[in-house]
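In: Quick one, structure for this:
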Amino acid sequence: MASFNECVKYGDWGEKLVDNWMLNVRKSVAIYGPITEGSHPIDRSVYSKKNHSWFLYDVKTKKSSEKYKNQGIDLADYEKYQTLGLPVYIFFVDERLHKCYGGELNKIFDNGKIYMAEKENVIFADIANMKQFFKF
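Out: Numbers count the residues shown, from 1 in each chain. Below is the predicted model:
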(Lines give C-alpha, C1' and ligand atoms only; values in the text may rest on other atoms or scores of the structure.)
Protein backbone atom coordinates (compact mmCIF):
# COMPACT_ATOMS: atom_id res chain seq x y z
CA MET A 1 0.00 0.00 0.00
CA ALA A 2 1.24 3.49 -0.84
CA SER A 3 2.24 5.80 1.97
CA PHE A 4 0.20 8.88 2.85
CA ASN A 5 2.87 11.15 1.30
CA GLU A 6 2.84 9.13 -1.95
CA CYS A 7 -0.96 9.37 -2.10
CA VAL A 8 -0.84 13.12 -1.49
CA LYS A 9 1.70 13.56 -4.30
CA TYR A 10 -0.50 11.46 -6.62
CA GLY A 11 -3.53 13.58 -5.68
CA ASP A 12 -1.52 16.77 -6.23
CA TRP A 13 -0.67 15.53 -9.74
CA GLY A 14 -4.37 15.10 -10.55
CA GLU A 15 -5.21 18.50 -9.11
CA LYS A 16 -2.51 20.14 -11.26
CA LEU A 17 -3.92 18.50 -14.41
CA VAL A 18 -7.40 19.81 -13.67
CA ASP A 19 -6.11 23.27 -12.64
CA ASN A 20 -4.17 23.59 -15.91
CA TRP A 21 -7.15 22.44 -17.97
CA MET A 22 -9.44 24.86 -16.13
CA LEU A 23 -7.08 27.80 -16.70
CA ASN A 24 -6.50 26.96 -20.38
CA VAL A 25 -10.07 26.10 -21.36
CA ARG A 26 -12.17 28.21 -19.01
CA LYS A 27 -9.97 31.26 -19.18
CA SER A 28 -12.39 33.57 -17.39
CA VAL A 29 -11.96 31.94 -13.98
CA ALA A 30 -10.00 32.71 -10.84
CA ILE A 31 -9.03 29.56 -8.91
CA TYR A 32 -8.36 29.51 -5.17
CA GLY A 33 -6.92 26.58 -3.22
CA PRO A 34 -6.11 25.74 0.39
CA ILE A 35 -2.91 27.16 1.86
CA THR A 36 -2.85 24.95 4.93
CA GLU A 37 -1.19 21.54 5.16
CA GLY A 38 -3.19 18.36 5.58
CA SER A 39 -6.75 17.41 4.81
CA HIS A 40 -9.19 20.02 3.51
CA PRO A 41 -12.91 19.80 2.71
CA ILE A 42 -12.60 20.81 -0.96
CA ASP A 43 -9.72 21.20 -3.42
CA ARG A 44 -10.63 24.47 -5.12
CA SER A 45 -13.00 27.44 -4.99
CA VAL A 46 -13.57 29.05 -8.39
CA TYR A 47 -14.96 32.43 -9.34
CA SER A 48 -16.37 32.64 -12.85
CA LYS A 49 -15.69 36.12 -14.17
CA LYS A 50 -18.07 35.46 -17.06
CA ASN A 51 -21.07 34.42 -14.93
CA HIS A 52 -20.11 36.36 -11.78
CA SER A 53 -20.67 33.24 -9.72
CA TRP A 54 -18.77 30.81 -7.50
CA PHE A 55 -18.45 27.03 -7.61
CA LEU A 56 -16.27 24.44 -5.93
CA TYR A 57 -14.43 21.41 -7.21
CA ASP A 58 -12.76 18.36 -5.81
CA VAL A 59 -10.37 16.14 -7.75
CA LYS A 60 -10.28 12.38 -7.27
CA THR A 61 -7.14 10.86 -8.78
CA LYS A 62 -7.92 7.16 -9.01
CA LYS A 63 -8.42 4.34 -11.45
CA SER A 64 -11.93 3.37 -12.46
CA SER A 65 -13.34 -0.09 -11.89
CA GLU A 66 -12.68 -2.38 -14.87
CA LYS A 67 -15.63 -4.59 -13.96
CA TYR A 68 -18.35 -2.03 -13.25
CA LYS A 69 -17.38 1.01 -15.42
CA ASN A 70 -18.03 3.43 -12.59
CA GLN A 71 -16.34 5.69 -10.07
CA GLY A 72 -17.10 6.25 -6.44
CA ILE A 73 -16.53 8.62 -3.58
CA ASP A 74 -16.88 8.15 0.15
CA LEU A 75 -20.45 8.67 1.30
CA ALA A 76 -19.11 10.99 4.04
CA ASP A 77 -17.55 13.22 1.35
CA TYR A 78 -20.79 13.23 -0.65
CA GLU A 79 -22.73 14.30 2.44
CA LYS A 80 -20.12 16.97 3.28
CA TYR A 81 -20.32 18.42 -0.24
CA GLN A 82 -24.10 18.75 0.16
CA THR A 83 -23.60 21.18 3.07
CA LEU A 84 -21.21 23.61 1.35
CA GLY A 85 -23.87 25.89 -0.12
CA LEU A 86 -22.33 26.19 -3.60
CA PRO A 87 -22.37 23.94 -6.67
CA VAL A 88 -19.73 21.21 -6.31
CA TYR A 89 -18.07 19.58 -9.31
CA ILE A 90 -16.17 16.32 -9.07
CA PHE A 91 -13.30 15.63 -11.47
CA PHE A 92 -12.05 12.05 -11.74
CA VAL A 93 -8.50 11.81 -13.09
CA ASP A 94 -8.42 8.18 -14.24
CA GLU A 95 -4.97 6.74 -14.82
CA ARG A 96 -6.42 3.51 -16.23
CA LEU A 97 -8.43 5.24 -18.98
CA HIS A 98 -6.08 8.25 -19.30
CA LYS A 99 -9.08 10.59 -19.11
CA CYS A 100 -10.56 13.20 -16.84
CA TYR A 101 -14.32 13.11 -16.48
CA GLY A 102 -16.98 14.10 -13.98
CA GLY A 103 -19.55 16.80 -13.52
CA GLU A 104 -21.80 18.51 -11.04
CA LEU A 105 -22.20 16.37 -7.94
CA ASN A 106 -26.00 16.15 -7.92
CA LYS A 107 -26.18 15.30 -11.61
CA ILE A 108 -23.59 12.52 -11.76
CA PHE A 109 -24.50 10.72 -8.57
CA ASP A 110 -28.12 9.92 -9.49
CA ASN A 111 -29.55 11.99 -6.64
CA GLY A 112 -27.61 10.11 -4.01
CA LYS A 113 -28.52 6.57 -5.06
CA ILE A 114 -26.11 4.13 -3.41
CA TYR A 115 -25.48 0.76 -5.00
CA MET A 116 -22.98 -2.12 -4.96
CA ALA A 117 -23.64 -3.21 -1.39
CA GLU A 118 -20.28 -4.99 -1.08
CA LYS A 119 -18.63 -1.56 -0.93
CA GLU A 120 -20.04 0.02 2.23
CA ASN A 121 -20.04 3.78 2.67
CA VAL A 122 -19.23 4.49 -0.98
CA ILE A 123 -21.54 6.14 -3.50
CA PHE A 124 -20.99 5.27 -7.15
CA ALA A 125 -21.78 6.87 -10.50
CA ASP A 126 -21.64 5.45 -14.01
CA ILE A 127 -18.81 6.92 -16.07
CA ALA A 128 -21.13 6.93 -19.11
CA ASN A 129 -23.27 9.58 -17.34
CA MET A 130 -20.31 11.90 -16.78
CA LYS A 131 -18.92 14.62 -19.00
CA GLN A 132 -15.55 13.82 -20.57
CA PHE A 133 -13.27 16.82 -19.99
CA PHE A 134 -9.85 15.85 -21.39
CA LYS A 135 -7.44 13.01 -22.18
CA PHE A 136 -3.87 12.76 -20.91
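In: Roughly how far does Y57 sit from E66?
Out: According to CB to CB, to the nearest Å, Y57 and E66 sit 26 Å apart. Where you see a C-beta, it was placed from the backbone N, CA and C, and this is true even at glycine.
In: These two: who's more crowded?
Out: Y57 (22 against 8; other CB atoms under 10 Å).
In: is that one in a bridge, and if so with what?
Out: Beta-bridge partners for Y57, by DSSP bridges, are R44, Y89.
In: Distance of it relative to E79?
Out: Counting by CB to CB - Y57 and E79 are separated by 17 Å.
In: Same check on M130?
Out: Distance from M130 to E79, by CB to CB: 20 Å.
In: neighbour-wise, which of these two wins?
Out: Between M130 and E79, M130 has the larger neighbour count (other CB under 10 Å), namely 22 against 11.
In: Strands of the chain, residue ranges please.
Out: Counting by DSSP state E, the chain has strands at residues 29-32, 44-48, 53-61, 70-74, 88-94, 99-104, 122-126, 131-135.
In: how many degrees apart are the longest one and strand 99-104 in direction?
Out: Strand 53-61 and strand 99-104 meet at an angle of 140 degrees, taking axes from the mean of the first three to the mean of the last three CA atoms, to 10 degrees as the criterion.
In: Can you tell me what sits against strand 53-61?
Out: 10-11, 13-15, 18, 42-48, 71, 73, 77, 81, 84, 86-93, 95 (CB atoms under 8 Å, 6 or more residues apart in numbering).
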